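Engineer: Everything below, folded, please.
(2 chains)
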2 protein chains.
Amino acid sequence: MADRYGTLEAGGTKMVLSVGNDRNELLEQASIPTETPDITIPKMTAWFKSRDIAALGIGTFGPVDLNPDSPTYGWITKTPKPGWGMTPLLPQMNKALGIPVKIDTDVNAAALAEWQLGAAKGLNSCLYITVGTGIGAGLVVEGKLVHGMMHPELGHMLLRPDPKDQNPVGFCPYHDGCAEGLASGPAIEKRWGRKAHELPPEHPAWELESAYLAQVCANAVCSFSPEKIILGGGVMQQKHLFPLIRKKTRELLNGYIALQQILEKIDTYIVEPGLGTKSGAIGALLLARQANK
Amino acid sequence: MADRYGTLEAGGTKMVLSVGNDRNELLEQASIPTETPDITIPKMTAWFKSRDIAALGIGTFGPVDLNPDSPTYGWITKTPKPGWGMTPLLPQMNKALGIPVKIDTDVNAAALAEWQLGAAKGLNSCLYITVGTGIGAGLVVEGKLVHGMMHPELGHMLLRPDPKDQNPVGFCPYHDGCAEGLASGPAIEKRWGRKAHELPPEHPAWELESAYLAQVCANAVCSFSPEKIILGGGVMQQKHLFPLIRKKTRELLNGYIALQQILEKIDTYIVEPGLGTKSGAIGALLLARQANK
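Structural biologist: Take a look at the predicted model:
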């Protein structure tokens, strides 16, 4: 029998647990609310224990310590989420299940899946950006997930104010004018008094939203020049954003990056996830398979 | 006898030619003005021919085609520099000298040298930023120089205007408010009517300059989190900039990146080049040694 693997997408509101196989297929899925670790971790380990998995892959919300040499490797570190600050997530799962466990950020897992199997398959690099409760990014460069001093926190890149923006400081408690504070789902709601998915496509919110996301894309092109930019997450379910973002990215770069990917083929350069909403789960499955090697 | 290697630092105003050895020592150096390719390339090949070198490494101004699969690999592409547009620099040097030649950008060469032998020795990643006639960057991630869709063009990252800036649009012909247009050497001269090195340390130019360079550093930390940021180039000869940039980078990140490298040890995180002004030449020497393998 082929090996079966567990995958955990650890989120701030829910934990999504799956079982997958060697052919990168997801066979079964469950979701449990994220309560405090003492409640939620035993529920998760019980679910996985009854499913005979060979290894576990975790894509988690952050910040998380990803330095294998660190004494707190695999721990959720200082999060404002009640009960989760300094939680040894990987060690606890590993101890309870007695199988290899590999962990990365949720966005790095998604970037890995999109690069190996999705929109960036066959390329050397890609950037996966999620726009939802926050703005985060996973980055593959030269065929490797980037773990520098810590994982990327692209959402906190500072942006140039849009001239039409009535509130160019945004809503991040740490930074005036960072991408997350200007363009995350909660930022949209605070600006316009309605949730993103309740705003019609003709609402002025989307001109502003796409302008800021285009700036993130343009700065990414200048910073590390990924071969593909993939935009996922809840806000990007508004598909009408894609043509706006592409157009504005090209306008911002203004011919300076003289590559046909930008000038002529931007429709295939800034794209939706190839794996739809499954990038994160399949990324965690790939991590589990790596852990089992 | 140990092998000898040629190095070429190809710049817009001068070409710096050196001979180095297997121990990464530079033995001899010459400089010739950059005229048109039909004049300058034969002068360079003549110099190298008489010096019995086993291979050549080139760190060049850009834009340059670095895709080995491209028909114009190793060509200077569309530069405004008279005569140099679409110049097959690598093919011509290779043909004239009959030895292996390896090429990269000047800043990637410097980043390589600083990572292998300089300020970032022993780390997995570093960002080398040059601030001079332009602003450019070379990036090492997971132990490899980054060549994405093209080489990084960090100088054209858009920045948030400084509240005290009288001209927050800057001087880039392509972009309103990009780093190069706001903070390169020529931008300083256009703002203040004097060259950077003529402005005393107490001049208000430096508060503004350091604020913009700090923003580049802060965005780099959020984007790809290099383990070291190295600042070189002509403008950075103003050493009093370093403490200002460090302080403002920490202020901009505002505690969000809770790493001791930022919070406590930023003096050893944002640093001068470990190889002084030789990063570029030694980087080209490392490229030559790679070419000879």
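Engineer: how about the worst-scoring helix or strand of chain A on mean pLDDT, does it reach chain B?
Structural biologist: When the helices and strands of chain A are compared on mean pLDDT, DSSP states H and E, strand A:144-145 comes out lowest with a mean of 88. Yes. Interface with chain B: strand A:144-145 contributes A:Lys144 (CB under 8 Å from any CB of the partner chain). Using the backbone N, CA and C atoms, a C-beta is placed for each residue, glycine as well.
Engineer: The helix ranked longest in chain A vs chain B: in contact?
Structural biologist: Scanning chain A for the helix with the most residues, using DSSP state H, yields helix A:205-223. Yes. Part of helix A:205-223 sits near chain B under the criterion CB under 8 Å from any CB, namely A:215, A:218-223.
Engineer: following that helix, which helix or strand comes up?
Structural biologist: Counting by DSSP states H and E, the next helix or strand C-terminal to helix A:205-223 is strand A:229-232.
Engineer: Name the helix or strand for the most centrally placed residue in chain A, please.
Structural biologist: Nearest residue to the geometric centre of chain A (CA atoms, centre = their mean): A:Val107, 2.6 Å. Per DSSP H and E, A:Val107 falls inside helix A:106-117.
Engineer: Show me what that helix is packed up against.
Structural biologist: With contacts taken as 3 or more CB pairs under 8 Å, 6 or more residues apart in numbering or on different chains; DSSP states H and E, helix A:106-117 sits against strand A:4-10, strand A:55-60, strand A:126-131, strand A:135-141, strand A:144-145, strand A:229-232, helix A:279-291.
Engineer: will you turn these into TSV that also has distance to B:Val141 and mean neighbour count?
Structural biologist: Listed next are the helices and strands packed on helix A:106-117 as TSV, based on distance: least, CB to CB, whole Å; neighbours: other CB atoms under 10 Å in any protein chain shown:
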stretch	distance to B:Val141	mean neighbour count
strand A:4-10	25	26
strand A:55-60	20	28
strand A:126-131	13	29
strand A:135-141	5	29
strand A:144-145	8	18
strand A:229-232	17	26
helix A:279-291	19	26
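Engineer: By mean pLDDT, show me the worst of the ones you listed.
Structural biologist: Note on the helices and strands packed on helix A:106-117: lowest mean pLDDT is at strand A:144-145, with a mean of 88.
Engineer: and it, what other elements does it pack with?
Structural biologist: Contacts defined by 3+ CB pairs under 8 Å, 6+ apart place strand A:144-145 against helix A:106-117.
Engineer: tell me the angle the helix it packs on makes with strand A:135-141.
Structural biologist: 40 degrees (axes from the mean of the first three to the mean of the last three CA atoms, to 10 degrees).
Engineer: Mind checking the pLDDT average for the longest helix of chain A?
Structural biologist: So the average pLDDT for helix A:205-223 ends up being 97.
Engineer: Flag every buried residue along that helix.
Structural biologist: By neighbour count on 16 or more other CB atoms under 10 Å in any protein chain shown, the buried set for helix A:205-223 is A:205-206, A:208-223.
Engineer: Neighbours of A:Leu27, how many?
Structural biologist: Look at A:Leu27: counted by other CB atoms under 10 Å in any protein chain shown, it has 11 neighbours.
Engineer: what secondary structure does it sit in?
Structural biologist: Secondary structure, DSSP: H, G, I helix; E, B strand; the rest coil: A:Leu27 is strand.
Engineer: do the same with the one 5 residues further on
Structural biologist: Per three-state DSSP, the secondary structure class of A:Ile32 is strand.
Engineer: Dihedrals phi and psi, A:Arg51?
Structural biologist: A:Arg51 adopts backbone torsions of phi -120, psi 10, taken as degrees, to the nearest 10.
Engineer: Noted, bye for now.
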